[in-house]
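Q: Fold the following for me, if possible:
(one chain, ligands or ions: 2)
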Amino acid sequence: VTRRLLPTLPLRAWLIVAYSAVLLLPVLVLFASGALGRDLVRQTRWDLEHQSALLTMLVGAVAADGDLAAHERVLSRHLREAKHATLSGIRLVDADGIVVASSGDRRVLGEDLGGDPEVVAALAGAGGSVVRPRPRATNAPLDSRSRRATVRVFVASPVRVDGRIVGAIVLSRTPREEVQALYQMAPAGLWQGAVLAVLATVAFGWLSSAVLTRSLSAVDRAAQRVADGHFDGLADLQRPKRSHLREVGRAALSVETMAVRLRDRLAYISEFASNVSHEFKTPLATLKGTLELLADDPDMPPDQRTRFMTNASQSVDRLERLVTGLLSLARAEETPDESIVDLEALVAASAERHGATWRGPLAPVRGDRSQLDAVVSNLLENARVHGGRAWVEGFVDGGRTGFAVVDDGPGISPANLPQVFDRFFTTKRGQGSSGLGLALVRAIVFTHGGEVTVASRPGHTVFTVTLPAADRSTE
Ligand SMILES: Nc1ncnc2c1ncn2[C@@H]1O[C@H](COP(=O)(O)OP(=O)(O)O)[C@@H](O)[C@H]1O
Ligand SMILES: [Mg+2]
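A: Residues are numbered from 1 along each chain as shown. Ligands and ions are numbered 1, 2, ... in the order given. Predicted structure coming up:
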């Protein structure tokens with residue numbers, strides 16, 4: 001069971017969807033790879049590091065005695081002002097990591113930050129920074145720079161007085177949120193640009209679908225006409241066959257090939273049907289006449305009655321032979337069963353059955369043994385019925401092999417020669433011949449990828465069958 005996951009849409013819709021996806025790709029990559037987010041964090045950290053460089057100098061100047069806690073009021077005021085300018089949260093800790101001044105709530109005074117890695121690093125004399133997840137602030141105002149930021153960046157730097165570390169400045173801020181950053185990054189004409197890009201995408205999709213569907217629809221229309229039995233639809237395929245789209249060109253060519261085959265097949269069937277009805281007409285008429293006569297005259301003399309019955313029985317025999325011949329012919333036109341056939345053994349056996357001699361090399365061929373046997377038998381049978389003494393000459397020529405059936409009979413007249421392979425062509429209809437023998441030979445040889453030719457003059461008639469030799473390496 002195939003489940004249809006995708007809807008059936010016109011090509012136009014698919015193209016527009018695909019083009020739009022491509023349009024959004026750069027933005028998606030920027031977000032999905034996290035590159036933008038990482039860059040925003042990095043920017044924030046730099047920003048905070050620069051601020052802390054200045055603030056440590058300020059704090060060092062205010063608390064020149066090294067006692068930070070003693071200057072809490074002045075320091076907190078400076079930090080509040082700094083926060084106002086930079087939007088960073090600022091805390092000042094003493095050498096033990098205890099908060100001694102803050103840019104915000106005074107309640108944090110006395111809090112111990114001595115365990116935070118960035119503070120530990122700063123009090124050891126290096127700068128430290130840490131990125132921490134941040135609980136979502138869903139009620140933050142829309143224009144807040146940190147509305148949906150998921151992390152907060154912390155940076156700590158040592159405060160030195162006379163070369164001694166007396167505390168550390170801890171700054172923190174959320175980086176800008178990605179969509180916001182993107183929005184702020186864009187030039188003033190972002191919206192006009194986006195609208196233009198979308199319009200251009202739709203226009204491209206529309207245009208390319210128009211080009212595509214025009215040739216596809218032409219193929220479709222032509223195929224429809226052919227399906228309706230109008231073979232003039234083939235002419236409409238010439239344009240799409242030259243399409244610049246290779247697939248469309250190929251589809252047009254395939255439809256044309258299919259249509260030509262169909263047309264040939266239809267012609268073949270109607271010719272075949274008329275041949276068959278023509279052949280069946282005479283024996284059927286004889287049968288019908290006989291039955292009518294017998295019915296009309298119940299007191300017919302026995303010898304006359306016997307004559308009529310013999311006629312009728314011959315007609316039935318003929319019909320039977322025709323039906324058998326037609327069946328073989330139909331089978332011969334199907335793709336044959338493939339196996340390696342020892343042509344030499346086959347010809348030898350057939351020649352012996354028909355009392356003919358054979359010579360020459362014969363290579364194995366690929367095909368249907370009983371059908372190939374029918375070829376040899378029919379040719380030898382014809383030589384016996386229509387010709388004279390017969391023999392077979394085998395040959396191998398490069399990748400091909402075959403045999404010639406030769407007889408020294410009266411030959412075939414130049415007028416008849418082109419017709420001998422036709423269905424129902426026979427010069428011995430009176431003797432009950434069906435005229436299907438050579439048609440069968442031709443059909444079998446043809447489906448085996450070979451060919452059969454005839455040459456004839458009085459006293460020398462040659463039917464030559466050539467077949468592709470079997471490639472044993474493929475066994
Ligand atoms: N070896 C031959 N010598 C002379 N005529 C031949 C030979 N083989 C075929 N023909 C001619 O070709 C015709 C068609 O042959 P075929 O298709 O086998 O039908 P059929 O044998 O039933 O007549 C024969 O009626 C005959 O006139
Ligand atoms: Mg024959």
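
Q: drop to CA atoms for contacts and neighbour counts, all remaining ones
A: OK.

Q: Tell me what the residue lying closest to Val170 once chain neighbours are set aside is bridged to.
A: Spatially, and ignoring its direct neighbours in sequence, Val170 is nearest to Ala156 (4.3 Å; CA to CA, 6 or more residues apart in numbering). The partner list for Ala156 in beta bridges (DSSP bridges) reads Gly128, Val170.

Q: Can you classify Gly66 as helix, strand or coil?
A: Look at Gly66: counting by DSSP: H, G, I helix; E, B strand; the rest coil, its state is coil.

Q: how close does it get to ligand 2?
A: Using CA to the ion, to the nearest Å, Gly66 is found at 127 Å from ligand 2.

Q: In three-state terms, label Val405 for me.
A: strand.

Q: oh, I was asking about Val392
A: strand.

Q: what's the burial count for it?
A: Neighbourhood size, Val392 [other CA atoms under 10 Å]: 23.

Q: list the helices and strands the lowest-mean-pLDDT helix or strand in the chain packs on?
A: Across the helices and strands of the chain, mean confidence by mean pLDDT, DSSP states H and E is lowest for helix 178-185: a mean of 76. Applying 3 or more CA pairs under 8 Å, 6 or more residues apart in numbering; DSSP states H and E, we find helix 178-185 packed against helix 35-62.

Q: Report whether the host helix or strand of Ser277 contacts ligand 1.
A: For Ser277, the element it lies in under DSSP states H and E is helix 246-296. No. Shown here: helix 246-296 not in contact with ligand 1 (CA under 6 Å from any ligand atom), separated by at least 12.6 Å.

Q: quick check: mean pLDDT across that helix?
A: Across helix 246-296, pLDDT averages out at 92.

Q: which element follows that helix toward the C-terminus?
A: Scanning onward from helix 246-296 (DSSP H and E), the first element met is helix 302-332.

Q: how about that following helix: buried residues?
A: Residues of helix 302-332 classed as buried by neighbour count (16 or more other CA atoms under 10 Å): 305, 308-309, 311-312, 314-316, 318-319, 321-322, 325-326, 328-329, 332.

Q: got it, and stretch 460-475?
A: By neighbour count on 16+ other CA under 10 Å, the buried set for stretch 460-475 is His460, Thr461, Val462, Phe463, Thr464, Val465, Thr466, Leu467, Pro468, Ala469, Ala470.

Q: Does that stretch reach ligand 2?
A: No. Judged by CA under 5 Å from the ion, stretch 460-475 stays clear of ligand 2, getting no closer than 12.4 Å.

Q: what's around Tyr292, how many residues?
A: Careful, residue 292 is Glu; it's not Tyr. Glu292 has 11 neighbouring residues, counting by other CA under 10 Å.

Q: Contact partners for it?
A: The contact partners of Glu292, taken as CA atoms under 8 Å, 6 or more residues apart in numbering, number zero.

Q: re earlier: looking at the buried residues of stretch 460-475, which is nearest Ser129?
A: Using CA to CA, Ala470 comes nearest to Ser129 of the buried residues of stretch 460-475, at 80.5 Å.

Q: Now tell me what touches the least confident helix or strand of the chain from outside.
A: With CA under 8 Å, 6+ apart as the test, helix 178-185 has contacts from Phe31, Leu36, Gly37, Leu40, Arg145.

Q: Could you check how far the residue nearest to the third one when sequence neighbours are not counted is from Gly189?
A: Okay, so that is Gly37. With sequence-adjacent residues excluded and distances taken as CA to CA, 6+ apart, Gly37 is closest to Glu178, at 6.2 Å. For Glu178, the distance to Gly189 equals 19 Å [CA to CA, to the nearest Å].

Q: Which one of the two is surrounded by more residues?
A: Taking other CA under 10 Å, Glu178 and Gly189 do not tie; Glu178 has more neighbours (19 against 8).

Q: I'd like the mean pLDDT over stretch 353-361, please.
A: Average pLDDT, stretch 353-361: 94.
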